[in-house]
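Peer 1: Pasting the sequence and the predicted model now:
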Amino acid sequence: MALSSFQRGDQVEVCSKLEGFLGSYYEATVVANMGTNYVVQYNNLVEEFNDAVPLKETVKAAEVRPLPPEIREANNNGAGFHVGDRIDAYDLDGWWVGTVSSEDNGSGYQSVFFEYTGQELEYPVLKLRVHQDWRNGKWVLSKKTKRTVVR
């Protein structure tokens with residue numbers, strides 16, 4: 001999908017450009033296509049003063065992408081990632097881009113370094129996914145390894 005091609009009801013991810021949230025993506029539903037902008041309603045974010053109301057906001061079209069396809073590591077059956085792999089970690093209601101900094105030692109957790117914040121945190125493998133970039137209407141993997149796309 002090219003820019004401005006999402007319609008009302010489409011499930012998307014929105015890349016946050018706010019300080020403190022750089023490198024994070026949040027799932028949302030398109031409420032309106034306004035050409036160069038979209039009105040989105042976030043699936044997991046709520047209004048600041050009323051946590052019963054889903055957050056709606058207008059975002060630039062360049063900040064919106066479709067939901068990425070699920071990808072599993074083919075060489076280890078999705079059990080973990082390798083040092084240096086670019087991944088997204090699910091935390092604080094969104095996906096945060098980072099790099100695996102240690103192998104899973106059998107604990108089911110892996111350390112992830114986040115360049116934007118300088119933090120290194122541990123996550124269960126089930127909260128990690130292969131990082132993909134949306135470029136020119138196509139998904140591009142960050143690192144060339146054998147992976148299987150699951151739809």
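Peer 2: Now that the structure is in, tell me what you want to look at.
Peer 1: Please give me every residue in contact with residue 60.
Peer 2: Applying CB atoms under 8 Å, 6 or more residues apart in numbering, we find residue 60 in contact with 36-37. For the C-beta atoms, the positions are set from N, CA and C on the backbone; glycine is no exception.
Peer 1: Please give the element, helix or strand, for the residue lying closest to residue 109 once chain neighbours are set aside.
Peer 2: Nearest non-adjacent residue to residue 109, counting by CB to CB, 6 or more residues apart in numbering: residue 122, 4.6 Å away. Using DSSP states H and E, residue 122 maps to strand 119-124.
Peer 1: what is the residue nearest to residue 109 paired to in the beta sheet?
Peer 2: Beta bridges link residue 122 to residue 111 when assigned by DSSP bridges.
Peer 1: Model confidence for it, exactly?
Peer 2: For residue 122, the model assigns a pLDDT of 95.
Peer 1: Return the set of buried residues in the strand or helix carrying residue 51.
Peer 2: Taking DSSP H and E as the criterion, residue 51 maps to strand 50-60. For strand 50-60, the neighbour count (16 or more other CB atoms under 10 Å) marks 54-55, 59 as buried.
Peer 1: Now for residue 29, how many residues are close by?
Peer 2: Look at residue 29: counted by other CB atoms under 10 Å, it has 17 neighbours.
Peer 1: who's in contact with it?
Peer 2: 9-12, 40-41, 43.
Peer 1: If we use 7 Å, what do you get?
Peer 2: Residue 29 makes contact with 9, 11, 40-41, 43 under the criterion CB atoms under 7 Å, 6 or more residues apart in numbering.
Peer 1: Please dump these into TSV; it should also carry neighbour count for every row.
Peer 2: As requested, the contacts of residue 29 are exported to TSV (neighbours: other CB atoms under 10 Å):
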residue	neighbour count
9	8
11	12
40	27
41	15
43	15
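Peer 1: I'd like to know which of the residues you listed is nearest to residue 26.
Peer 2: Proximity of those to residue 26 (CB to CB) peaks at residue 43, which lies at 7.6 Å.
Peer 1: helix or strand for that closest one, which one?
Peer 2: Going by DSSP H and E, residue 43 is part of strand 37-47.
Peer 1: Which strands and helices lie in contact with that strand?
Peer 2: strand 24-33, strand 50-60 (3 or more CB pairs under 7 Å, 6 or more residues apart in numbering; DSSP states H and E).
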